[in-house]
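A.B. asks: following is a predicted model, sequence given first.
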There are 2 protein chains.
Amino acid sequence: MRTFRLTLEYDGRGFEGWQLQPAGHPTLQGALEAAFLRVTGQSVRVLGASRTDAGVHAEAQVASASLDTALAAPALQRALNGVLPPQVAVVALEEAPGFDVRRAARSKLYRYRIWNGAVPSPLRRDRSWWVRPCVDLGAMRRAAAHLVGHHDFSAFRAAHSEAKTTDRTLREIRIDGESGAQIDLDVHGDGFLRHMIRILAGTLVEVGRGRRRPDWVIEVLASRDRRRAGVTAPPEALTLVRVFFDSDGKSSSSGPGPA
Amino acid sequence: MRTFRLTLEYDGRGFEGWQLQPAGHPTLQGALEAAFLRVTGQSVRVLGASRTDAGVHAEAQVASASLDTALAAPALQRALNGVLPPQVAVVALEEAPGFDVRRAARSKLYRYRIWNGAVPSPLRRDRSWWVRPCVDLGAMRRAAAHLVGHHDFSAFRAAHSEAKTTDRTLREIRIDGESGAQIDLDVHGDGFLRHMIRILAGTLVEVGRGRRRPDWVIEVLASRDRRRAGVTAPPEALTLVRVFFDSDGKSSSSGPGPA
C-alpha cells in the first residue's frame, strides 16, 4: 500500500459538504472516492483534514488516501483530474509514507467573506454574505478578542451537532476591512464544531451592526446556549484557505473537528 | 422627462447579452426595462454604453434612461434593486440632464482573465479561461503592440457581424501576469466589433503558447479574414471594467460599438 497526500480546491456549491452521505447526496469525499475507483478500480478511503459544510469552498483542503497502484504521483494526479467534476481539482498530489491527515493536521485557517457595500454585488454573491454598511470593525475586533483562546463553544455549534467534546482553541480571528467594502474574517483554530465559524460570523456581525456590545459575546460563550448567539451566516461565503501541519507531519494529540 | 445615468454590475451567466431580444431570451437590457416598468408603470428605453455579449460580465456598465417620475434618485435606485434579479444591481444612479450614454461614452476598458495554472481552478472557472502554462508573456506583449492603434479589425469580428464599419481604435492592451498563474488582458478601446476582444484573446494566446510568432498578428490584421485569427475565447472570462467619458459627458463624434 502506498499513501498519498492530496491538496484539493473546490467550489462547494452543488455538494452536501465534505463527508460521505447516502447515494443521491453528492459530497466531495464521494466525488474523490468515485474518481479513485474509476482510475484504479479500487475502493479507496479518502480522508480530509476538515469536514467542510454543504456549500463551503476550499482553496486548499488536504486529504490522504492509501492504495495499491503502479502509477507515479503526477500520472495519478492527471488521471484523477481527468475524471473529477469541474467543481473539484487535485491541485497537488505526492507520495507521503505514513501520512494520516486526521492525525497530522494541526490547525486550519478559514476565511468568511462579507460584502459590506450599500448595494448587493452580483459578482460577489457566490462567495460573500451581503451585510448592509454601518458595520463597526473596531467593535467586531473587540468582540472577536473575547472569543480567541480555549473555550467551550457550545453556544456556537449547530443545534443537532453530536461532537463528543465542545472545547476548542481559536488561535486568532483577523478582521480585514481596509480594502473598501469587502470584509474578510480570517479564523484560525485547531478544530471547529459544526457551523461554528458561520455562527461566529453571524454573532460578530450583530456586534458590528451595533445591535449588541462587544462584551455581549462573553455572556453568549458562558451561556453554552446556541439560542443566545447570532444567526448561522450563509455557507457560500466560507472558504477553507489552509491546513497547517507539524513540520514532521506525523505526531498529533488532538484530532481535527468538523467545521 | 428626467434623464438618469445608471452604473450597473452584473454576472452575465444566464443572460443572452446586453441587447434586447425576443421574449424568452433573457437580456440585461430586458431585465432593466422590466424593472423600470414594475417600479414606474412606464415603458422606458434603457441604453447601454457597450453591448456586452452573452455570458460577459460587467463591473461598471453605464446606461441612460429617460422617464417621468416623481421619485428621487436614491428611491428609484432602491426600488429598481428591489425588483431586479440578483445577477444585476444598480450600483449608482443619478439624475443627468441631457445625458445620452451612446453619444457620451468615449472608450471602454475590458478585462479578459486567463488562468494559467498547471491544473484547472474550480474557484476561478466561472470567470477565467484555463490555458495550460508555458505561456510566453513577452511574446504576447510584442504581438499586442502590433494591434494597438487604428486598424481595420475585420479579421477579429464574429463571422456574422453586421457592423457598418470595421475600423476601430485600440488605445492600449496591458498584459499583467506578474501575480502567479493569473494573466489579465486589459483591453482599452473606443469601441469593439462583435466578439473582437475574445478573438484578440484567442489570437494572443496562440502567440503566447509559441504556436505563432508575434508578427504573425500583422498578417492576420492585414488579411481581414476571420479564419486567419485565433479561436473566439470563452465569454465568461470577459468583464466590462469601466466606461470612460469626456469630463463634460456630453459632446461626442464617435458612437460606441458592440463588444
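C.D. replies: That came through, no problem.
A.B. asks: who in the stretch 51-200 of chain A is up against chain B?
C.D. replies: A:57, A:59, A:77, A:81, A:86-91, A:117, A:119-123, A:125-126 (CB under 8 Å from any CB of the partner chain). (Glycine included, C-beta is placed from N, CA and C.)
A.B. asks: mind checking the pLDDT average for the helix or strand harbouring residue A:30?
C.D. replies: Under the criterion of DSSP states H and E, residue A:30 resides in helix A:28-40. Averaging pLDDT along helix A:28-40 yields 97.
A.B. asks: how about it, does it reach chain B?
C.D. replies: No - Helix A:28-40 lies out of reach of chain B by CB under 8 Å from any CB, never closer than 10.7 Å.
A.B. asks: which residues are contacting that helix?
C.D. replies: Applying CB atoms under 8 Å, 6 or more residues apart in numbering or on different chains, the external contacts of helix A:28-40 come out as A:6, A:8, A:10, A:12, A:15, A:17-21, A:42-46, A:48, A:52, A:61, A:63, A:65, A:67-69, A:71, A:76, A:79-80, A:82-85, A:88.
A.B. asks: buried only: go through the residues of the stretch 51-200 of chain A next to chain B for me.
C.D. replies: With burial judged by 16 or more other CB atoms under 10 Å in any protein chain shown, the buried subset of those is A:57, A:59, A:77, A:81, A:87-91, A:117, A:119-123, A:125-126.
A.B. asks: give me the buried subset of the contacts of helix A:28-40.
C.D. replies: Buried among these (16+ other CB under 10 Å): A:6, A:8, A:10, A:12, A:15, A:17-20, A:44, A:46, A:48, A:52, A:61, A:63, A:65, A:67, A:69, A:71, A:76, A:79-80, A:84-85, A:88.
A.B. asks: in strands, which of those residues appear?
C.D. replies: Residues of the buried ones among the contacts of helix A:28-40 located in strands (DSSP state E): A:6, A:8, A:10, A:46, A:48, A:61, A:63, A:65, A:67, A:88.
A.B. asks: next up, the contacts around the closest residue to the last one other than its chain neighbours.
C.D. replies: Yep, that's residue A:88 we're talking about. Nearest residue to residue A:88, sequence neighbours excluded (CB to CB, 6 or more residues apart in numbering or on different chains): residue A:10, at 4.5 Å. Neighbour list for residue A:10: A:28, A:57, A:58, A:61, A:87, A:88, A:89, B:122, B:123 [criterion: CB under 8 Å, 6+ apart].
A.B. asks: before we move on, what's the pLDDT of residue A:10?
C.D. replies: pLDDT at residue A:10 comes out at 98.
A.B. asks: tell me the spacing between it and residue B:213.
C.D. replies: From residue A:10 across to residue B:213, the span is 39 Å (CB to CB, to the nearest Å).
A.B. asks: tell me which helix or strand residue A:91 sits in.
C.D. replies: Using DSSP H and E, residue A:91 falls within strand A:88-95.
A.B. asks: now that strand and helix A:28-40, what's the angle there?
C.D. replies: Interaxial angle, strand A:88-95 versus helix A:28-40 (axes from the mean of the first three to the mean of the last three CA atoms, to 10 degrees): 60 degrees.
A.B. asks: where does the prediction get shaky in chain A?
C.D. replies: Residues of chain A meeting the criterion pLDDT under 70: A:247-259.
A.B. asks: residue boundaries of the helices in it?
C.D. replies: A:28-40, A:73-83, A:101-104, A:137-147, A:196-208, A:216-223 (DSSP state H).
A.B. asks: so which of these comes closest to residue B:220?
C.D. replies: helix A:73-83 (33.3 Å; CB to CB).
A.B. asks: from the chain's centroid, how far away is that closest one?
C.D. replies: 25 Å (CA atoms, centre = their mean, to the nearest Å).
A.B. asks: show me the strands in the stretch 101-250 of chain A, by range?
C.D. replies: Secondary structure of the stretch 101-250 of chain A by DSSP state E, counting those that start in this stretch: the strands cover A:105-115, A:129-130, A:149-152, A:167-176, A:182-189, A:238-245.
A.B. asks: where's the residue lying farthest from the centre of chain A relative to residue A:15, distance?
C.D. replies: Distance from the C-alpha centroid of chain A, by CA atoms, centre = their mean, peaks at residue A:70 (32.7 Å). According to CB to CB, residue A:70 stands 31 Å off from residue A:15.
A.B. asks: could you measure from the residue of the stretch 151-259 of chain A found nearest chain B over to residue A:197?
C.D. replies: In the stretch 151-259 of chain A, the residue that lies nearest chain B is residue A:239 (7.9 Å; CB to the nearest CB). Residue A:239 is 10 Å from residue A:197, where distance means CB to CB.
A.B. asks: can you give me every residue that contacts the nearest residue to residue A:150 once chain neighbours are set aside?
C.D. replies: Of all residues not flanking residue A:150 in the chain, residue A:169 sits nearest, at 4.6 Å (CB to CB, 6+ apart). If you count contacts by CB under 8 Å, 6+ apart, residue A:169 has them with A:149, A:150, A:189, A:190, A:191.
A.B. asks: residue A:56 too?
C.D. replies: Counting by CB under 8 Å, 6+ apart, residue A:56 has contacts A:12, A:17, A:235, A:236, A:238, A:239, A:240, A:259.
A.B. asks: and the furthest pair within these?
C.D. replies: The widest separation within these (CB to CB) is 14.7 Å, between A:236 and A:259.
A.B. asks: so for the two, which sits in the more crowded spot?
C.D. replies: residue A:259 (25 against 19; other CB atoms under 10 Å in any protein chain shown).
A.B. asks: tabulate the CA atom coordinates of stretch A:42-60 in PDB.
C.D. replies: The C-alpha atoms that make up stretch A:42-60 are tabulated as PDB, following Å, rounded to 0.1, in the frame of the first residue of the first chain:
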ATOM      1  CA  GLN A  42     -10.200   0.100  -6.200                       C
ATOM      2  CA  SER A  43     -12.400   1.300  -3.400                       C
ATOM      3  CA  VAL A  44     -10.200   3.800  -1.700                       C
ATOM      4  CA  ARG A  45     -11.000   5.700   1.500                       C
ATOM      5  CA  VAL A  46     -10.200   9.400   1.200                       C
ATOM      6  CA  LEU A  47      -9.800  11.300   4.500                       C
ATOM      7  CA  GLY A  48     -10.000  15.100   4.700                       C
ATOM      8  CA  ALA A  49      -8.300  17.400   7.200                       C
ATOM      9  CA  SER A  50     -11.600  19.300   7.700                       C
ATOM     10  CA  ARG A  51     -15.200  18.300   7.100                       C
ATOM     11  CA  THR A  52     -16.400  21.300   5.300                       C
ATOM     12  CA  ASP A  53     -20.200  22.000   5.400                       C
ATOM     13  CA  ALA A  54     -22.600  21.900   2.500                       C
ATOM     14  CA  GLY A  55     -21.900  24.900   0.100                       C
ATOM     15  CA  VAL A  56     -18.500  25.700   1.700                       C
ATOM     16  CA  HIS A  57     -15.500  26.100  -0.600                       C
ATOM     17  CA  ALA A  58     -11.800  25.100  -0.300                       C
ATOM     18  CA  GLU A  59      -8.700  26.800  -1.700                       C
ATOM     19  CA  ALA A  60      -6.500  24.100  -0.200                       C
END
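A.B. asks: give me the buried positions along stretch A:154-171.
C.D. replies: For stretch A:154-171, burial by neighbour count (16+ other CB under 10 Å) applies to A:154, A:155, A:156, A:157, A:158, A:161, A:163, A:166, A:168, A:170, A:171.
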